[in-house]
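> Could you look at this predicted model? Sequence included:
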Amino acid sequence: MVAEEGKILLDWDALEIGETFPVYEYMIQQDNIDQFRKGVMDQDASFPTISHKVDVRQYDKRYTDNGSVNARCSFFCYNTPIPGKRLFVTAWIADKYLKRGKNYIVTEAVTTDEDGRLIDRVITHEMKQPGEVGKKWG
Amino acid sequence: MGIEYRSYNLGDEITPLVKTMSQEAINDFEGSAGVKHPTQFTDTEFAQERLGTAGTIASGRMSVTFCLELMRRNFGADSFNRTGMVDLRNLRPVRPGNTITFTGKIIDISREANGNKVTVEINATNDEGNLTGVGKGSVIVPSGFFAPEE
């Protein structure tokens, strides 16, 4: 596999737990929320931040790899995001492990808004051999 | 106005949540974050190449979102949206056309500094009766919402 220009080809062994990525800044607008609520079929869904996958966004900006599948995900709610407020995400590599011959990377991210409100925290375990999904489940 | 007391007991089963997945729903979930390029969630060929699956799958985060809804509907947005959490292990792919039933059972109630933490065991089961996800959710329910102890 060749690294995309400007990205680092993932070396799982060399990846350091604790590596922290630059703060990612974005904003959610009402139309994002409306589309999110339509997608999850819940007009009261209050954490559209989850679809932004912010814990892996900065990882994906720095590294290139064979892709991944979400093996486990934890989501902690603190305050619902307000449309039009800027959101700031700090994400880092929280852990990595080898299980049944497959490599996993655990990313964690905390989001706050421009007023300093804590919004949410997300932790995701990504299995880095996505082709295993098709082999097992077709 | 008087407070409406809530009652939770170990072993209680909470009201289930049923969701039928569609490609349109998956596209909206992904599109709500501004994703426009093909992914394993939105493009069949991409999924076949990347995952080796017959077609697209739903992001595991959609199932997490459904678990958040399950908990919020059962414990109230006032508590859940400030103190709730869900931790879900994805066991099988969820595909367009699948109907998933999310069920929960209270497995622990413990006192915390800011109320009573209610912990729920969560299962997600597809229409073939197979588990697609297992996990836990929790919420801190303020002690003031419980009837005073005798």
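Good, I have the coordinates. Numbering: from 1, shown residues only, chains lettered A, B, ... in the order given.
> who's in contact with A:Arg57?
A:Arg57 makes contact with A:Tyr24, A:Val89, A:Ala91, according to C-beta atoms under 8 Å, 6 or more residues apart in numbering or on different chains. Backbone N, C-alpha and C define where each C-beta goes, glycine included.
> Identify those among the residues you listed that sit within strands.
With strands taken from DSSP state E, the overlap with these comprises A:Tyr24, A:Val89, A:Ala91.
> Turn the residues you listed into CSV, including neighbour count and pLDDT.
Putting the ones in strands among the contacts of A:Arg57 into CSV (neighbours: other C-beta atoms under 10 Å in any protein chain shown; pLDDT from 0 to 100) gives the following:
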residue, neighbour count, pLDDT
A:Tyr24, 18, 97
A:Val89, 23, 98
A:Ala91, 24, 98
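> got the CA coordinates for the top helix by length along chain A in PDB?
In chain A, with assignment by DSSP state H, the single longest helix is helix A:30-40. In PDB, the C-alpha atoms belonging to helix A:30-40 read as follows (Å, rounded to 0.1, in the frame of the first residue of the first chain):
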ATOM      1  CA  GLN A  30     -30.000  23.100  11.800                       C
ATOM      2  CA  ASP A  31     -30.100  21.400   8.400                       C
ATOM      3  CA  ASN A  32     -27.400  18.900   9.600                       C
ATOM      4  CA  ILE A  33     -29.500  18.200  12.600                       C
ATOM      5  CA  ASP A  34     -32.600  17.700  10.400                       C
ATOM      6  CA  GLN A  35     -30.900  15.300   8.100                       C
ATOM      7  CA  PHE A  36     -29.400  13.400  11.000                       C
ATOM      8  CA  ARG A  37     -32.800  13.100  12.700                       C
ATOM      9  CA  LYS A  38     -34.300  11.800   9.400                       C
ATOM     10  CA  GLY A  39     -31.500   9.300   9.100                       C
ATOM     11  CA  VAL A  40     -32.000   7.900  12.600                       C
END
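> pLDDT averaged over that helix - what is it?
In this model, helix A:30-40 carries a mean pLDDT of 97.
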